[in-house]
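[1] Return atomic coordinates for the entry below.
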Amino acid sequence: MNDPADAPNLLSESDTGLARVLEDLIDVLITRGLIQFTDLPEAAQAKLLERRQTRASMSNRLDLLPDENDSGLL
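    Presented below is the predicted three-dimensional model:
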């Protein structure tokens with residue numbers, strides 16, 4: 001059984017995962033044409049754009065590491 005003292009940590013971890021699920025869901029809805037990005041409130045648009053930019057910059061940093069299939073030539 002879970003320790004009630006761990007509940008805040010468990011909720012925090014769950015919130016992080018749920019945020020990603022919601023981002024993916026929004027992307028699917030937009031891709032399928034069920035909603036438009038501009039249908040979302042401006043605050044939601046700003047948050048989504050901020051998270052996308054952050055993930056993109058993190059991805060770019062990770063791309064600096066050589067790929068195992070990379071021959072090392074530019």
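
[2] what's whichever strand or helix holds Ala19 packed up against?
    Element membership for Ala19, per DSSP states H and E: helix 7-31. Packing contacts for helix 7-31, counted by 3 or more CB pairs under 8 Å, 6 or more residues apart in numbering; DSSP states H and E, involve helix 42-62. To be clear about C-beta, it is placed using only N, CA and C from the backbone, and glycine gets the same treatment.

[3] and the helix it packs on, average pLDDT?
    Helix 42-62 shows a mean pLDDT of 87.

[4] So which residues make contact with it?
    Among residues not part of helix 42-62, those counted as contacts by CB atoms under 8 Å, 6 or more residues apart in numbering are 23, 26, 37-38, 40.

[5] Put the buried members of these into a PyMOL selection.
    The buried residues among the contacts of helix 42-62 can be selected in PyMOL (16 or more other CB atoms under 10 Å) with this line:
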select buried, resi 40
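
[6] For the contacts of helix 42-62, work out which two are farthest apart.
    Glu23 and Thr38 (16.8 Å; CB to CB).
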